[in-house]
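Trainee: need coordinates for the below:
(chains A and B)
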2 protein chains.
Amino acid sequence: MSHSTNNISKGVSVVSEHVCQQIMGREAAFKAVENVFSAMAKNTAYNFPVIREAIGHEDALYGFKSGFDRDGLVLGLKSGGYWPGNSQRELTNHQSTVILFDPDTGKLKSLVGGNYLTAVRTAASSAVSIAHLARKDAKVLGMVGAGHQSSFQLRAAVEQRNFEKVVAWNKNPENLVSLAAVCEELGLPFESVTREQLCEQADVIITITSAFEALLEKEWIKPGTHLACMGTDTKGKQEIDANLFTIATVFTDELAQSITIGEAQHAIAAGLIEEADIAPIGEVINGSTLGRISDDEITLFDGTGVGLQDLAVASVAAELAEDNGLATYFHF
Amino acid sequence: MSHSTNNISKGVSVVSEHVCQQIMGREAAFKAVENVFSAMAKNTAYNFPVIREAIGHEDALYGFKSGFDRDGLVLGLKSGGYWPGNSQRELTNHQSTVILFDPDTGKLKSLVGGNYLTAVRTAASSAVSIAHLARKDAKVLGMVGAGHQSSFQLRAAVEQRNFEKVVAWNKNPENLVSLAAVCEELGLPFESVTREQLCEQADVIITITSAFEALLEKEWIKPGTHLACMGTDTKGKQEIDANLFTIATVFTDELAQSITIGEAQHAIAAGLIEEADIAPIGEVINGSTLGRISDDEITLFDGTGVGLQDLAVASVAAELAEDNGLATYFHF
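Mentor: You can find the predicted model right below:
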């Protein structure tokens, strides 16, 4: 990266939320997340322990995810959390900032807005799982959940297969309008359905909710389905029937998170599966573990969200912004 | 803090290393550190778990210390570490950056250079211990260690008592010239001594080394001495004889760190003392625990260094810089 030295001499680069939205495409995010999952499986990139604290002020949850990619030379953290009162101040409840350091010297290198990138990297994660694990002939995409992240998920997912239809369910069906609008824009038929209907029709299912109990039953999932469970990132959260883990082939972004705070936590706690039953998706990307081996197989990706994903997309966003004259700089 | 809202609307403030050196006085640092030790003892301020990782690149140790002061409304982290190759690049080996967030919204608030402030807050910590624990009539200050931080320690310490002389020891005695120069500037007699001589003469001893074995023996320490052990912040490091803990009254900045990575780790591991034998210095500041109760007592402060100290001094530095027009701003 011949331009790095130049950029460092300019000072610390600042890449705003607005610039991230302008510059960070889905393809670049997909590539960055796929690369970092691969590096994690090769142990050339690793996540540091996660800090997550209820700070006792404004009901906020605050913390950091951090890590180091030794090959990509990306070092830093995403700091931020959830401030439930923000929406009343016309601010996003989730507030994230990515802070990158020069791994050669420890000096501050870049500040990158993390709100948009968090949605983009999470969508890239399920998209990577679809690319590597879903049946090639998948035709119907099922969306469970209609929050802020769901349209990011939808846009990234439909680029991975030749989907002909989207079916969706949300606790409050009236909130499905935003997903319906995306489908209209993309020229894809859209249908609001029950959860059972969704499982009957969908070849690929993305769950992206804040649920604390199973929304999808094991018996509803048809053979050949790929599920990307993206909502569970905390102890207690749950989106799907833990029994589904006994018949699905299970993959994850990071094993340690999957079994403790991911969707797999319940199947592990109930003794339905063991840690060895879950494979890092990076091994599938690297070819050291098989992905889907039959058209009837149910594949399940437990996407827990790791700091290295944040660092990877932020690093790419910073380079793009710097190279395109969209970063600002300050000396420190 | 009526100006906070104004400053937030200006954007994120940047306070450089250079500005920190201009603006952050020893008195303000002392007050900030004393306040936060007090708040920690009242449980209105707390440190989050420390992240510290050997990253496997440039022999660097990287990590962060973080926390929240609920009364002072200071939230954030100090990120950085130790890059042993930096000195060859004309950079400081220790590289630190303090990052403050608005605890009401989670938005990035200030970036403050952390290198100078780390030295200042560590010096303030031993100074607070001297102010609260040393004999009022202490006359001789003993300095063990002559590295970068030692002159900060010396300058802060001599302001706490009417010291009439400084005695000092360092592994390489030729490196004592910088401490000697500070003493000359301050009009204080200075003497290079052996470790045993130092203990014979000194009423207050500050140890600020990177030693991995005891430099001072229990038998050398005279009654009435106050020791501030500031060098040990990692498993394995050690500056004084663990047996000294059996006869000293022991205080610390944070109990959890003292018994695991602080000077007390060895006495605890050897079963010489228990956690209950160590008192947080904040309780002395608050008056809920007695400090020194006799002129013959040996008091020992185990200064391990906590994230809240960094946040406290950085927050004061940011306010001073903002109020004096020395901060720069960027929008994010």
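Trainee: tell me which parts of the stretch 201-332 of chain A are close to chain B?
Mentor: Proximity of the stretch 201-332 of chain A to chain B (CB under 8 Å from any CB of the partner chain) is limited to residues A:328, A:330, A:331, A:332. Just so you know, the C-beta spots here come from the backbone N, C-alpha and C atoms, and that holds for glycine as well.
Trainee: confidence score at the first one?
Mentor: Right, residue A:328. pLDDT, residue A:328: 95.
Trainee: count of neighbours near the closest residue to it other than its chain neighbours?
Mentor: Beyond its immediate neighbours in the sequence, the residue positioned closest to residue A:328 (CB to CB, 6 or more residues apart in numbering or on different chains) is residue A:14, lying 4.7 Å away. When counting by other CB atoms under 10 Å in any protein chain shown, one arrives at 23 neighbours for residue A:14.
Trainee: residue contacts, residue A:14?
Mentor: For residue A:14, the contact set (CB atoms under 8 Å, 6 or more residues apart in numbering or on different chains) comprises A:110, A:111, A:327, A:328, A:329, A:330, B:330, B:332.
Trainee: quickly list what it is bridged to.
Mentor: Counting by DSSP bridges, residue A:14 is bridged to residue A:111, residue A:328.
Trainee: the helices in chain A, which residues?
Mentor: Ranges of helices in chain A, per DSSP state H, are A:3-10, A:17-23, A:26-41, A:115-133, A:150-157, A:177-186, A:195-201, A:255-260, A:265-269, A:281-286, A:307-323.
Trainee: kindly reformat those as CSV containing mean neighbour count, mean pLDDT and distance to residue B:323.
Mentor: Listed next are those as CSV, based on neighbours: other CB atoms under 10 Å in any protein chain shown; pLDDT from 0 to 100; distance: least, CB to CB, whole Å:
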stretch, mean neighbour count, mean pLDDT, distance to residue B:323
helix A:3-10, 12, 54, 29
helix A:17-23, 18, 97, 28
helix A:26-41, 22, 98, 41
helix A:115-133, 25, 98, 30
helix A:150-157, 24, 98, 41
helix A:177-186, 15, 98, 45
helix A:195-201, 17, 98, 57
helix A:255-260, 20, 96, 43
helix A:265-269, 20, 98, 49
helix A:281-286, 22, 98, 50
helix A:307-323, 25, 98, 32
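Trainee: would TSV of the ones you listed with distance to residue B:22 be doable?
Mentor: Output for those, formatted as TSV (distance: least, CB to CB, whole Å):
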stretch	distance to residue B:22
helix A:3-10	24
helix A:17-23	32
helix A:26-41	40
helix A:115-133	34
helix A:150-157	45
helix A:177-186	51
helix A:195-201	62
helix A:255-260	44
helix A:265-269	51
helix A:281-286	48
helix A:307-323	30
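Trainee: list the contacts of stretch A:318-332.
Mentor: Applying CB under 8 Å, 6+ apart, the contact partners of stretch A:318-332 are A:1, A:3, A:7, A:10-16, A:19-20, A:22-24, A:28, A:100, A:107-110, A:112, B:14, B:16-17, B:97, B:111, B:113, B:328, B:330.
Trainee: swap the cut-off to 6 Å and go again
Mentor: For stretch A:318-332, contacts defined as CB atoms under 6 Å, 6 or more residues apart in numbering or on different chains pick out A:7, A:10-15, A:19, A:23, A:108, A:110, A:112, B:14, B:16, B:330.
Trainee: now for the residues you listed: which two are most distant?
Mentor: A:23 and B:16 (27.6 Å; CB to CB).
Trainee: quick check: the residue nearest the centre of chain A vs chain B, distance?
Mentor: Ranked by distance to the mean C-alpha position of chain A (CA atoms, centre = their mean), the top residue is residue A:122 at 2.0 Å. To chain B, residue A:122 is 18 Å away according to CB to the nearest CB, to the nearest Å.
Trainee: what does residue A:108 give?
Mentor: Applying CB to the nearest CB to residue A:108 and chain B gives a distance of 5 Å.
Trainee: in the stretch 101-250 of chain A, what residue is nearest chain B?
Mentor: For the stretch 101-250 of chain A, the residue closest to chain B is residue A:106, as judged by CB to the nearest CB, at 3.4 Å.
Trainee: ok, for that residue, nearest residue in space, not its chain neighbours?
Mentor: residue B:95 is the one closest to residue A:106 (CB to CB, 6+ apart), at 3.4 Å.
Trainee: do you know the pLDDT at the one you found?
Mentor: For residue B:95, pLDDT reads 95.
Trainee: kindly report the same for residue A:332.
Mentor: pLDDT, residue A:332: 84.
Trainee: give me the neighbour count for it.
Mentor: Neighbours of residue A:332 (other CB under 10 Å): 17.
Trainee: pull the number of nearby residues for residue A:66.
Mentor: 30.
Trainee: ok, it - contacts?
Mentor: Shown in contact with residue A:66 (CB under 6 Å, 6+ apart): A:48, A:77, A:307.
Trainee: go again with 8 Å.
Mentor: Counting by CB under 8 Å, 6+ apart, residue A:66 makes contact with A:47, A:48, A:76, A:77, A:78, A:307, A:311, B:51, B:64.
Trainee: say whether chain B is contacted by stretch A:43-63.
Mentor: Yes - counting by CB under 8 Å from any CB, contacts between stretch A:43-63 and chain B involve A:48, A:49, A:51, A:53, A:55, A:56, A:57, A:58, A:60, A:62, A:63.
Trainee: among those, name the ones in strands.
Mentor: Counting by DSSP state E, the members of the residues of stretch A:43-63 next to chain B that fall within strands are A:51, A:53, A:62, A:63.
Trainee: now residue A:299: how far from residue A:225?
Mentor: 8 Å (CB to CB, to the nearest Å).
Trainee: equivalent analysis for residue A:321, please.
Mentor: Residue A:321 sits 39 Å away from residue A:225, going by CB to CB.
Trainee: cool, and residue A:152?
Mentor: Separation of residue A:152 from residue A:225 (CB to CB): 22 Å.
Trainee: count the residues that sit near the nearest residue to residue A:104 once chain neighbours are set aside.
Mentor: Of all residues not flanking residue A:104 in the chain, residue B:58 sits nearest, at 5.9 Å (CB to CB, 6+ apart). Other residues within reach of residue B:58 by the criterion other CB under 10 Å amount to 16.
Trainee: wait, residue B:58 touches residue B:83, no?
Mentor: Yes - counting by CB atoms under 8 Å, residue B:83 is a contact partner of residue B:58 at 5.7 Å.
Trainee: identify the contacts common to the two.
Mentor: Shared contacts of residue B:58 and residue B:83 (CB under 8 Å, 6+ apart): A:104, A:105.
Trainee: please state the backbone phi and psi of the nearest residue to residue A:89 once chain neighbours are set aside?
Mentor: Distances taken as CB to CB, 6+ apart put residue B:105 closest to residue A:89, at 6.6 Å, once the chain neighbours are dropped. Backbone torsions of residue B:105, given as degrees, to the nearest 10, read phi -130, psi -20.
Trainee: nearest residue to residue A:76 in space, please, no chain neighbours.
Mentor: Among residues not flanking residue A:76 along the chain, residue A:100 sits closest, at 4.0 Å (CB to CB, 6+ apart).
Trainee: re the thing from before, which two among the ones in strands among the residues of stretch A:43-63 next to chain B are spaced furthest apart?
Mentor: Greatest spacing in these, by CB to CB: A:51 and A:62 (8.4 Å).
Trainee: out of these two, which sits in the busier spot?
Mentor: Counting neighbours by other CB under 10 Å for residue A:51 and for residue A:62 shows that residue A:62 has the greater number, 25 against 19.
Trainee: distance of that one from residue A:54?
Mentor: Counting by CB to CB, the separation of residue A:62 from residue A:54 is 8 Å.
Trainee: picking that back up, okay if I get the ones in strands among the residues of stretch A:43-63 next to chain B as TSV plus pLDDT?
Mentor: Output for these, formatted as TSV (pLDDT from 0 to 100):
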residue	pLDDT
A:51	95
A:53	93
A:62	94
A:63	94
